[in-house]
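# Okay, structure incoming, though there's no sequence with it:
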């Protein structure tokens, strides 16, 4: 991990989560944490559509918030990210392993490997075989983000993906969240829901679901005839989505939220069942939720009752220290994990 202030940005379709932090005694010390709106239409499916509008918005945020860090990492999520688990021949020679990964991936997916940046991580070694997770991201996407950082006059350190950011953060923490049990981590985003399953501290697999809080906001907006901003605010002001309300508008909002959540639950359950059906001993012991929609009051209880699995909000990591003791880090999990370089 880096020993000076670093700026980490989780760039999404709706919001950008910025964290300025530093490492101290193996901890991540948060100096500042900011959420700013992504300019409309500037990001689509993790790709930069309008670099100029994104640069101007970030430039203004950095100035306004007086962020001084120069070294910068970015983490993203995109449907165009290719993630595959492969069993391949193992060799200690790094160049040979790189060649094997490229060859094996081409056998599974009909893509031009030269158009992609590849990374792999060894999950398990068995004699002369290795189980690896391979991540492939289009070079054009990588180049656009590097261009963005340079145009902001910052120093690019890395471009990461949210799955890897989460895993690094968990592996850097001494808690027993993932030790000796299987946990589903669910990132409740604006455009997508991202499910990552970790068993006994090891990555198992992840899936992206094309649903998010934007659908919930639109339902409230359309049903009650409210501007989108008011619909978003009303949603987050509900004291508990599990309780009924005497207020007509609020009760209708609760109904819309529950309706959307039931669809989410159904799709997430399909992912969980896929995992548990692969082997008889596979099961899910707990669910941890994070991301923007985890701020819905009572959503953890709603999930617990829907899945019949203990559900928690991932809002406390022991090696993450914060100046603002009231800061809820559930919205910054990806940004924090991206800081860790290993």
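Received it, and whenever you're ready, just let me know what you need. Just so it is clear, the model here is predicted, and its values are computed rather than measured.
# which stretches of the stretch 101-250 of the chain aren't confidently modelled?
Within the stretch 101-250 of the chain, the stretches with pLDDT under 70 are 174-180.
# same thing but 80
For the stretch 101-250 of the chain, the stretches with pLDDT under 80 are 127, 172-180.
# Secondary structure element holding the closest residue to residue 146 other than its chain neighbours?
Excluding the flanking residues, the one nearest residue 146 by Cβ to Cβ, 6 or more residues apart in numbering is residue 156, at 5.3 Å. Backbone N, C-alpha and C define where each C-beta goes, glycine included. For residue 156, the element it lies in under DSSP states H and E is strand 155-161.
# Just the residues contacting that strand, thanks.
Strand 155-161 is contacted by residues 2, 6, 70-78, 81, 135, 137, 142, 145-146, 149-150, 337-338, 341 when judged by Cβ atoms under 8 Å, 6 or more residues apart in numbering.
# again, 7 Å this time
70-77, 81, 135, 137, 142, 145-146, 149-150, 338, 341 (Cβ atoms under 7 Å, 6 or more residues apart in numbering).
# Drop anything exposed from those residues.
Those of the contacts of strand 155-161 that meet the buried threshold are 71-77, 81, 135, 137, 145, 149, 338, by 16 or more other Cβ atoms under 10 Å.
# Name the nearest of those relative to residue 228.
residue 77 (22.0 Å; Cβ to Cβ).
# can you tell me which residues contact that closest one?
Contacts of residue 77 (Cβ under 7 Å, 6+ apart): 46, 161, 162, 192, 194.
# one more time with 10 Å
Taking Cβ atoms under 10 Å, 6 or more residues apart in numbering, we find residue 77 in contact with 10-13, 45-46, 161-163, 165, 187, 189, 191-192, 194, 208, 334.
# From residue 33, how far out is it?
As defined by Cβ to Cβ, to the nearest Å, residue 77 lies at a distance of 19 Å from residue 33.
# same deal with residue 22?
Look at residue 22 and residue 33: by Cβ to Cβ, they are 13 Å apart.
# Looking at these two, which one has more neighbours?
Using other Cβ atoms under 10 Å as the criterion, residue 22 and residue 33 rank with residue 33 on top: 22 against 17.
# How about the more buried one: which residues does it bridge to?
Beta-bridge pairing for residue 33 (DSSP bridges): residue 19.
# That one touches residue 329, doesn't it?
Yes. At 7.6 Å, residue 33 and residue 329 qualify as touching, with contact defined as Cβ atoms under 10 Å.
# Show me whatever sits in contact with both of the two.
19, 322, 335, 336.
# hang on, residue 204 is in a strand, isn't it?
Yes. Residue 204: assigned to a strand according to DSSP: H, G, I helix; E, B strand; the rest coil.
# Neighbours of it, how many?
Counted with other Cβ under 10 Å, residues neighbouring residue 204 total 18.
# Run through the residues that contact it.
Counting by Cβ under 10 Å, 6+ apart, residue 204 has contacts 85, 123, 133, 182, 183, 184, 196, 197, 198, 275, 278, 282.
# ok, 7 Å please
Contacts of residue 204 by Cβ under 7 Å, 6+ apart are 197, 198, 275.
# From residue 279, how far out is it?
Distance from residue 204 to residue 279, by Cβ to Cβ: 10 Å.
# Equivalent analysis for residue 329, please.
On the measure of Cβ to Cβ, residue 329 and residue 279 end up 33 Å apart.
# Settle it for me: which of these two has more neighbours?
residue 329 (21 against 8).
# quick check: domain ranges of the protein?
By the record's domain assignment, the chain is partitioned as 6-77+140-176+318-339, 82-137, 208-312 (automatic domain parsing).
# Name the stretch among those domains that sits most buried.
domain 6-77+140-176+318-339 (a mean of 19; mean count of other Cβ atoms under 10 Å).
# Now residue 305: closest residue in space, sequence neighbours ignored.
Take residue 305 and drop its neighbours on the chain: the residue closest to it by Cβ to Cβ, 6+ apart is residue 242, 8.0 Å away.
# Tell me the spacing between the one you found and residue 138.
In terms of Cβ to Cβ, residue 242 sits 42 Å off from residue 138.
# Please, where are all the strands along the stretch 151-300 of the chain?
Using DSSP state E, counting those that start in this stretch, the strands of the stretch 151-300 of the chain run over 155-161, 182-188, 193-199, 202-209, 286-290.
# For the ones you listed, give me a markdown table that also has distance to residue 297.
A markdown table is the format used below for these (distance: least, Cβ to Cβ, whole Å):
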| stretch | distance to residue 297 |
| --- | --- |
| strand 155-161 | 30 |
| strand 182-188 | 14 |
| strand 193-199 | 19 |
| strand 202-209 | 22 |
| strand 286-290 | 13 |
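# Among those, which comes closest to residue 231?
Per Cβ to Cβ, nearest to residue 231 of these: strand 182-188, 16.9 Å.
# Okay then, goodbye and thanks.
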